[in-house]
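Undergrad: My questions concern the predicted model and sequence given below.
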Amino acid sequence: MSQHEVILLLGSNLGDGKKNIEEALEKIKEGGNEMLKFSVFLTSEPVEFVSSNIFCNIATIIRTHLSPIQLLDFVKSIEFEMGRINDSKVSGGYSDRIIDIDIVKYDDLNFISERLEIPHKKHLFEREFSRVLLNDFIK
């Protein structure tokens, strides 16, 4: 079974954001994934929608045996289990969320499907908070 190095970005702006992220990280680990590295926690304003709720964010590098789509299904199941109902791809826009888990990079794979794009270009090139979090991870 081959292992893949993946960068995930997690965010939360409902309830205790740091606690929500820590819970999601524990669920990722419990799913058989190895946690390799973490960024610092960072707070940021919402991007591409208006809200008075500030985000708590973190980036992590994991090692996983899951394929990109299997990993997407796995992180979406964590989001759902934690109470996230509206996915931005489904609803067509962003809103407050208890947890958001994005796959930013998966090995050196370039992958595009209807549900997933790797690398995650918005996090790599457009969003300032993402660039800060990913600074030590991507050279």
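TA: Perfect, I can see it now. Residues are numbered from 1 along each chain as shown.

Undergrad: Just to be sure, residue 25 is in a helix?
TA: Yes: counting by DSSP: H, G, I helix; E, B strand; the rest coil, residue 25 is part of a helix.

Undergrad: That one - how many residues pack around it?
TA: By other CB atoms under 10 Å, the residues close to residue 25 number 20. (Each C-beta comes from the backbone N, C-alpha and C, glycine too.)

Undergrad: Now do the contacts for it.
TA: 10, 35, 38, 58, 60 (CB atoms under 8 Å, 6 or more residues apart in numbering).

Undergrad: do that again at 7 Å, thanks
TA: For residue 25, the contact set (CB atoms under 7 Å, 6 or more residues apart in numbering) comprises 35, 60.

Undergrad: One more: residue 31?
TA: Residues residue 74 are the ones in contact with residue 31 under the rule CB under 7 Å, 6+ apart.
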